[in-house]
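here's a sequence, model it:
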Amino acid sequence: MGRQPEVLWAQRSDKIYLTVSLPDATDVSVKSEPEGLFSFSAVGAQGEPFSFTLKLYDTISPEGSKTNIGLRNIICSIQKEKKGWWKRLLKSEEKPAPYIKVDWNKWCDEDEEESALSDWLPSDDDDNGVNGRDEESSDDGLLYLPDLEKARGK
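Numbering: from 1, shown residues only. A predicted model of the protein is given here:
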């Protein structure tokens, strides 16, 4: 068995995203089985083998899963068989291996999933992130309008 690359994970109600950090990987092999078994293997830039197998929390649909091999990492989008939020990535309740970490850049909470799509759609009110608040929803910005109006009145 080879070394394990760093694996970042995030979820939506219908998918699991795994980002395998392995620059310049070759001979990439990804297998997913309906019962939730996910296997990965590749050869690193220096010719060293990398591999891991995960027993996912629930069942998946291999035919709906996709893999995108980039220069710096491999992104796997795994289709869940049943839509819903998993308590954790793996079936085991033990602490995951140290090479598995949460991908906070892709993370979305259950209550944020519906609004996440609207946050990505531009509107006339958007200032293209000039004020540094580009990741917050436009609804949060409305909370500040009454204070601004009071300040103008004085």
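
mind telling me what element residue 53 is part of?
Of the helices and strands defined by DSSP states H and E, residue 53 is found in strand 49-55.

and residue 112, that one's in a strand?
No - counting by DSSP: H, G, I helix; E, B strand; the rest coil, residue 112 is not part of a strand but helix.

ok, now how distant is it from residue 65?
Residue 112 sits 23 Å away from residue 65, going by Cβ to Cβ, to the nearest Å. Heads up, the C-betas are built off the backbone N, CA and C, glycines and all.

give me the more crowded residue out of those two.
residue 65 (19 against 11; other Cβ atoms under 10 Å).

with adjacent residues omitted, what lies nearest to the more buried one?
Excluding its sequence neighbours, the residue lying closest to residue 65 (Cβ to Cβ, 6 or more residues apart in numbering) is residue 78, at 4.7 Å.

list the helices and strands the strand holding residue 53 packs on?
strand 37-43 (3 or more Cβ pairs under 8 Å, 6 or more residues apart in numbering; DSSP states H and E).

these two touch, right, the residue nearest to residue 65 and residue 37?
No - using Cβ atoms under 8 Å as the test, residue 78 is too far from residue 37 to be in contact (11.2 Å).

just after the longest strand that the chain contains, pick out the following helix or strand.
In the chain, with assignment by DSSP state E, the single longest strand is strand 60-69. With elements assigned by DSSP H and E, the helix or strand that comes after strand 60-69 is strand 73-80.

strand partners (parallel or antiparallel) of the very next helix or strand once past that next one?
Next in sequence after strand 73-80, counting helices and strands by DSSP H and E, comes strand 100-102. If you go by DSSP bridges, strand 100-102 pairs up with strand 6-11 (parallel).

list the buried ones in the helix or strand following the strand it pairs with?
As assigned by DSSP H and E, the chain's next helix or strand after strand 6-11 is strand 15-21. By neighbour count on 16 or more other Cβ atoms under 10 Å, the buried set for strand 15-21 is 15, 16, 17, 18, 19, 20.

show me what the third one bridges to in the sheet.
Listed by DSSP bridges, the beta-bridge partners for residue 17 are residue 10, residue 77.

list the contacts of it.
9, 10, 11, 75, 76, 77, 78, 103, 106 (Cβ atoms under 8 Å, 6 or more residues apart in numbering).

the last one: how many residues sit nearby?
The one in question is residue 106. For residue 106, using other Cβ under 10 Å, the count is 14.

perfect, that will be all.
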